[in-house]
Structures are given as C-alpha cells and as structure tokens.
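> Let me see the structure of the following:
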Amino acid sequence: METKSNEIELVKHQVGVTYKVILINIEGITHEESMIFPNGEANCMNWVLGHLIYVRNGLLNILGEEPVWDGEVFSGYNRGAIALERKDEFVNFEELKSYLKQSQENLDKKLANLEHFRSEQINDIATLCFHENYHSGQLGYIRRLLGKPGAIK
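Purely as a prediction, here's the structure:
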C-alpha cells in the first residue's frame, strides 16, 4: 500500500530536478562573474541564486521547517529588491552555494518524512515550484550572457 501522496512525490521530483539544473547552470561561475549585471541593469547571477534560496526558505516555512538564513539579514535577495542598489549586501557566491545545498538537504529530509500536504498548502507549494523553474532557467541565460557555454545539453 502506498503511504506517500502523489503530490509529495511530485514536489520531491520537481525540487530535485530544479536543484540539478541550478547546479549545472552555476558550475564554474566565479564570485566576480556572479556580480556582473547583464546590460548594466538585469539581475546578476548572485541575486538570482540568492533570491531562489530566499524563496526556498518560504517553502521550508510552509512545510514547518526553519529557514537556512535570517530573512532580514538577506533581505536584498527578496522579491522587489532592486539588486543593483543592494549589491553591496550580497554574499560570496560560494557561500550562496552552501546555503543552496543546505536548503536542498532540508527540503529532501522534510519531504521524505511527510505523508501529505494540507489542502491549503497546495497552491503555494505549486507556485513555489514554478518559481524555481522560472529562475533556474534565468541562470542558464545569464550564464550565456557571461560568455559561458550553455550547460544544459
């Protein structure tokens, strides 16, 4: 008899796939490169990755888990923040990667131990999964704008 709901399996798979896409797209990017704003104004890779982690903290919160960082300290990565104006607050790209890894580990652990989502969580969880897809694709485009070869083959 199946104990896990299909929704949890779907979210586990979605979060795992986007994590792999993110890792592939940020591979070989230095901190200096992550701070380049394409066209002098588009969000830099550092902000997009930090924003993904910021919003993953929201997903962890919905699932009843602690965030991997203090949202106030990292508010420059929040939705609506103007990255170019807040760039001095951004952390080293390698540090961001460690927060990403921690968020993935926490999500994996939580999703492995859940049996179902509450019905009032479904729309938020689905939106946050879409959010990851959206921004993980942006990382691929920023990678190309930085002069790197496309990483998804």
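
> residues of stretch 102-121 that come out buried?
Buried residues in stretch 102-121, counted by 16 or more other C-beta atoms under 10 Å: 103-104, 106-107, 110-111, 114, 117, 121. The way it works is simple: take the backbone N, C-alpha and C, and place the C-beta from them, glycine included.

> Relative to residue 7, which of these is nearest.
residue 117 (5.4 Å; C-beta to C-beta).

> so the closest one touches residue 124, yeah?
No: counting by C-beta atoms under 8 Å, residue 117 stays clear of residue 124, with 9.5 Å between them.

> before we move on, the earlier item: closest to residue 16 out of the buried residues of stretch 102-121?
For the buried residues of stretch 102-121, the nearest to residue 16 is residue 104 (8.0 Å; C-beta to C-beta).

> Torsion angles phi and psi at that closest one?
phi -70, psi -50 (degrees, to the nearest 10).

> Next up, the contacts around it.
With contacts defined as C-beta atoms under 8 Å, 6 or more residues apart in numbering, residue 104 is in contact with 15, 19.

> And it, how close does it get to residue 120?
25 Å (C-beta to C-beta, to the nearest Å).

> Residue 140 too?
The value you get for residue 140 to residue 120, if C-beta to C-beta is used, is 33 Å.

> Residue 65 against residue 106, yeah?
Yes: counting by C-beta under 8 Å, residue 65 touches residue 106, with 5.7 Å between them.

> Would you pull up how far the longest helix seen in the chain lies from the middle of the chain?
Using DSSP state H, we find that the single longest helix of the chain is helix 122-145. In terms of C-alpha atoms, centre = their mean, to the nearest Å, the centre of helix 122-145 is found 8 Å from the chain centre.

> which other helices and strands contact that helix?
Packing partners of helix 122-145 (3 or more C-beta pairs under 8 Å, 6 or more residues apart in numbering; DSSP states H and E): helix 6-26, helix 45-62.
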